[in-house]
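Visitor: mind looking at a prediction? Sequence and model below.
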Amino acid sequence: MMDVGRHPNIKLLTYSKVESIHGYVGNFQVKVLKKARYVNENECTACGDCAEVCPVVVPDEYQQGLSSRKAIYIPFPQAVPSASLIDMESCLGTNPIACGKCAEKCDKKCIDYDAKDETIEFKVGTVIVATGMDVFDPTILEEYGYTKYENVVTSMEFERLLSAGGPSDGHFIRPTDRQRPKTVGFVQCVGSRCEKIGKPYCSNICCMNTIKDTLLLKDHYPDIQAKVFYIDIRAFGKGFEDLFNRSKEAGVQYIRGIPGEITEDPKTRNLRVMVEDTTSNKIEDHEFDMMVLSIGVTPRLDMPEVQKLLTLSKTPDGFFMEAHPKLKPVDAPSMGIYFAGCAEAPKDVKDSVTQASAAAARAETLLSAGKVKLEAITSTLNTDLCHYCASCARVCPYGAFTVDPKKKTISYVEALCKGCGTCAAECRFGALTMKHFTDEQIITQIDAHLEENPHDKVIVFACNWCSYAGADTCGGARLQYPPNQRLIRTMCSGRVDEKFVLHAFKKGAPMVVVSGCHYVDCHYIDANRWTQKRVEKLWDKLEKWGIRPERLLLEWISAAEGQRFQKTMQDIEELRKKVTKDEIEHTVKVITEEEEKRKKK
Amino acid sequence: MPQDDLKIGVFICECGTNIAGSVDVDKLVEDAKNFGNVVYTAKNRYMCSEPGQAEIKNAIKEQKLDRVIIAACSPRMHEPTFRECVSSVGMNPYLVDMANIREQCSWVHMGMREAATQKAKDITKAYVARARYLAAQDETEILVEKATLIIGGGIAGMQSALDLADAGYQVYLVEKEPALGGIMAQLAKTFPTMDCAI
């Protein structure tokens, strides 16, 4: 931490929040809000005189609320930056009559109640997301009595109780009587591997954390009795099995079975559990002075903020999704963005450090090259065909078009185009062409797919980032579905022109699916809003023409949702079977007639 | 407009048994010969391997191919590989396209050989048809700002920051809390070394 704090190449912005990130790989414009500490960070010597005179006492977050701090405080003794700050929500205020004691006491006059939040702007080429994790709050698992029984603590609270810098100065005591417990029980998988609370995944670190905890206990207090209740012990890393064996040799008892309930003896405040030992199939009864819930790792609550800043995706367990689970485990799907640590998945310290170095190396690959090639997939404008209707300007998520319908002028900045193709889909006059995904290219794909037995086939338009990737995820997991679907890739679902859908129906397709990213996940800000509007309009049109609108589906499928893709394809096959040949023939006839009518106009 | 005088090469990957296990690759090779403008077809156990890529490069040179379709895995997996491959013999990287017959065909229709082969045929045919409309594109090269933003000052963020800063790059490390360290700073000791976390 000290190395980071004093490194000349690191600008450390603590107590800060990224407010916005604009741009793309190589050129991200970043805006950071640095909150006021009300204490001059550079002048403060962390002497602590201010905190001594501060009359306000609040729970100390660093100590998991097991002890208290003042309104002016240093988060923990080794904190970097080594400087105090004022928690303004608790501070009595700037009015000297109200308080002002800290300012009076500070010799160096570091305290400024009028300090303001600061906005800092800078440019970077790459971004590393290392936003970390939260821990599971076991209060909702009423059967464990956490917060009801004081002697039931979480593994995080246990860390503080065992720490030399903790609330009890490293003397291990239980909360109710501040006496050293003689028997301690650990319950594993609290908030992990549990479908019923929506946490089906293994949190990766809790088994080893408990093994470590039992060893620390046994080292400090050899007479202590420790028992661990587990589903299975996952000691898979280098040197981990050794630690597990050491813990068993030290006398820690491992019992395969998770207690259904913890109860308290109101007199002794001791805790009792009934558990089925699944190795002997016997119901056992255990009593402890104290119990530790080995809580799991959860995605951070504030993840959606960062997700939105960088349009990232999440896997079903709620952690950030990597570009490829095996070959690009450090990269985000968008170029120039990388993951480090628990933001991507639960990890221990070693794996976090490993991924962090990998992320740094991935970022360095771009930084040291100094340049990067961008895909040439953008829209081009043919002003000769333009009617200045401004529909492109209305739908472009990046404001690349400026149109004046009265003066009949249009300006288009191609450098702003990110290549969603929504403008090309909206333009009724063929003035916009999206490179590499032109009308002709897509129509010819539809024709090729529907050349043989069109009545059996479902045409699926899938966006590159989510639905196409979701189909790949489905394949990677070998999730089977009927072989009648034919998928056509576009960069964004916004590219799917009304005429593509009608063309597929005209060529005899019984069903057409338009699929894209979920609303918040759109990789082109909000281009998929236009997809929805366009499909809704098409539903109306089909209905008017006597074609069942149910034959056109709009599906949001993310890159992680392989199962959803499979289910969608299975459901669609059922719908397809219900579309009769007569119905298809009627559709072909109606659309052909409507097209003729339009041509005559 | 489609270009009718194009020479298209189709290269089909068996991907070991990943594709060949569900798709009749020999039949696909025969079918592909009949697609419009296809003048050359080949299959390989692993098209992405060095010998596989060498086969593509040789065919581009010897057969004077204008377009290349690779029926293999997802373009999300190997499009960069094959773009690089054709570029090395002077073909514009946007003139190669990948027909995804693995993730979206052989892996999801296992044990349905006939239907999977038919689907692989359609997918490949659609890409050959599309190839007739492909145009060379120029990629723009942009400069990379030699600085990195790191969001989060826990153990991972700090490690990334130090690595990049030591390499001489400017790092902006943004931490929400008033001090560095994240969750790790709250741990008494960490495994497997059983030492202090700070």
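Guide: Okay, I see it.

Visitor: ok, the most centrally placed residue in chain B - contacts?
Guide: Using C-alpha atoms, centre = their mean, the residue of chain B that lies closest to the mean C-alpha position is B:His78, 2.1 Å off. Contacts for B:His78 (C-beta atoms under 8 Å, 6 or more residues apart in numbering or on different chains) come out as B:48, B:70, B:72, B:98. (Glycine included, C-beta is placed from N, CA and C.)

Visitor: between those, which sits nearest A:Thr402?
Guide: Of all these, the one with the least separation from A:Thr402 (C-beta to C-beta) is B:Met98, at 36.8 Å.

Visitor: now, among the contacts of B:His78, which is nearest to chain A?
Guide: Closest approach between these and chain A, by C-beta to the nearest C-beta: B:Met98, at 9.8 Å.

Visitor: what segments of chain B are strands?
Guide: Here chain B has its strands, by DSSP state E, at B:8-13, B:38-44, B:67-72, B:96-100, B:140-143, B:147-151, B:170-174, B:189-190, B:195-196.

Visitor: turn those into TSV, including mean pLDDT and mean neighbour count.
Guide: Shown next, in TSV, are the strands of chain B (pLDDT from 0 to 100; neighbours: other C-beta atoms under 10 Å in any protein chain shown):
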stretch	mean pLDDT	mean neighbour count
strand B:8-13	98	27
strand B:38-44	97	19
strand B:67-72	98	28
strand B:96-100	97	27
strand B:140-143	89	12
strand B:147-151	98	28
strand B:170-174	98	25
strand B:189-190	89	20
strand B:195-196	82	11
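
Visitor: out of those, nearest to A:Cys463?
Guide: Comparing those under C-beta to C-beta, the one sitting nearest is strand B:96-100, at 14.5 Å.

Visitor: partners of the lowest-mean-pLDDT helix or strand in chain A in the sheet?
Guide: Every helix and strand of chain A was ranked by mean pLDDT, DSSP states H and E. The lowest is strand A:371-374, at a mean of 86. Strand pairing for strand A:371-374, determined by DSSP bridges: strand B:140-143 (antiparallel).

Visitor: residues in contact with the closest residue to A:Glu543 other than its chain neighbours?
Guide: Spatial nearest neighbour of A:Glu543, excluding adjacent residues (C-beta to C-beta, 6 or more residues apart in numbering or on different chains): A:Pro549 at 5.1 Å. Contact analysis of A:Pro549 by C-beta under 8 Å, 6+ apart lists A:538-540, A:542-543.

Visitor: would you confirm that A:Glu583 belongs to a helix?
Guide: Yes. With DSSP: H, G, I helix; E, B strand; the rest coil as the criterion, A:Glu583 is part of a helix.

Visitor: OK, contacts around it?
Guide: By C-beta under 8 Å, 6+ apart, the contact set of A:Glu583 is A:510, A:548.

Visitor: per-residue pLDDT, it?
Guide: At A:Glu583, the pLDDT value in this model is 96.

Visitor: distance of it from A:Glu593?
Guide: 16 Å (C-beta to C-beta, to the nearest Å).

Visitor: which intervals of the chain have sub-threshold pLDDT?
Guide: Using chain A here. Within chain A, the ranges that satisfy pLDDT under 70 run A:94-97.

Visitor: my question was about chain B
Guide: B:1-2.

Visitor: and the biggest helix by length in chain B, what other elements does it pack with?
Guide: Ordering each helix of chain B by length in residues (DSSP state H) puts helix B:113-131 first. Counting contacts by 3 or more C-beta pairs under 8 Å, 6 or more residues apart in numbering or on different chains; DSSP states H and E, helix B:113-131 packs against helix A:439-449, strand A:485-490, strand B:8-13, helix B:25-32, strand B:67-72, strand B:96-100.

Visitor: okay, now the sheet partners of the last one, with direction.
Guide: Strand partners for strand B:96-100, identified by DSSP bridges, are recorded as strand B:67-72 (parallel).

Visitor: and the second one, by the same measure?
Guide: For strand A:485-490, the pairing partners within the sheet under DSSP bridges are strand A:458-463 (parallel).

Visitor: and the next helix or strand past the strand it pairs with?
Guide: helix A:467-476 (DSSP states H and E).

Visitor: what residues of that next one count as buried?
Guide: Neighbour counts over helix A:467-476 (16 or more other C-beta atoms under 10 Å in any protein chain shown) mark A:467-476 as buried.

Visitor: now narrow those to whatever sits close to chain B.
Guide: A:468-469, A:471-472, A:474-476 (C-beta under 8 Å from any C-beta of the partner chain).

Visitor: closest residue of chain B to chain A?
Guide: Counting by C-beta to the nearest C-beta, chain B gets nearest chain A through B:Ala156, at 2.7 Å.

Visitor: how about the contacts made by that residue?
Guide: A:130, A:132, A:340-343, A:352-353, A:355-356, A:359.

Visitor: try 7 Å this time
Guide: By C-beta atoms under 7 Å, 6 or more residues apart in numbering or on different chains, the contact list for B:Ala156 reads A:130, A:340-341, A:352, A:355-356.

Visitor: among the contacts of A:Pro549, which one sits closest to chain B?
Guide: Distance to chain B across the contacts of A:Pro549 (C-beta to the nearest C-beta) is lowest for A:Leu538, with 22.5 Å.

Visitor: any idea how far that closest one is from A:Ser352?
Guide: For A:Leu538, the distance to A:Ser352 - C-beta to C-beta - is 48 Å.

Visitor: who's more crowded, the two?
Guide: Each of A:Leu538 and A:Ser352 has its neighbours counted (other C-beta atoms under 10 Å in any protein chain shown); A:Ser352 has more, 30 against 21.

Visitor: wait, that one sits on A:Gly341?
Guide: Yes. Assessed by C-beta atoms under 7 Å, A:Ser352 is found in contact with A:Gly341 at 4.1 Å.

Visitor: and A:Asp571, what does it touch?
Guide: Listed by C-beta under 7 Å, 6+ apart, A:Asp571 has no contact partners.

Visitor: over to A:Pro299?
Guide: Residues in contact with A:Pro299 (C-beta under 7 Å, 6+ apart) are A:318-319.

Visitor: also the one 4 residues further on?
Guide: A:Met303 makes contact with A:Thr131, according to C-beta under 7 Å, 6+ apart.

Visitor: distance check, it against A:Val520.
Guide: 12 Å.

Visitor: would you agree A:Val275 falls within a strand?
Guide: Yes. Under three-state DSSP, A:Val275 sits within a strand.

Visitor: am I right that B:Ser106 is in contact with B:Ile19?
Guide: Yes. Between B:Ser106 and B:Ile19 a contact is recorded at 4.5 Å, counting by C-beta under 7 Å.
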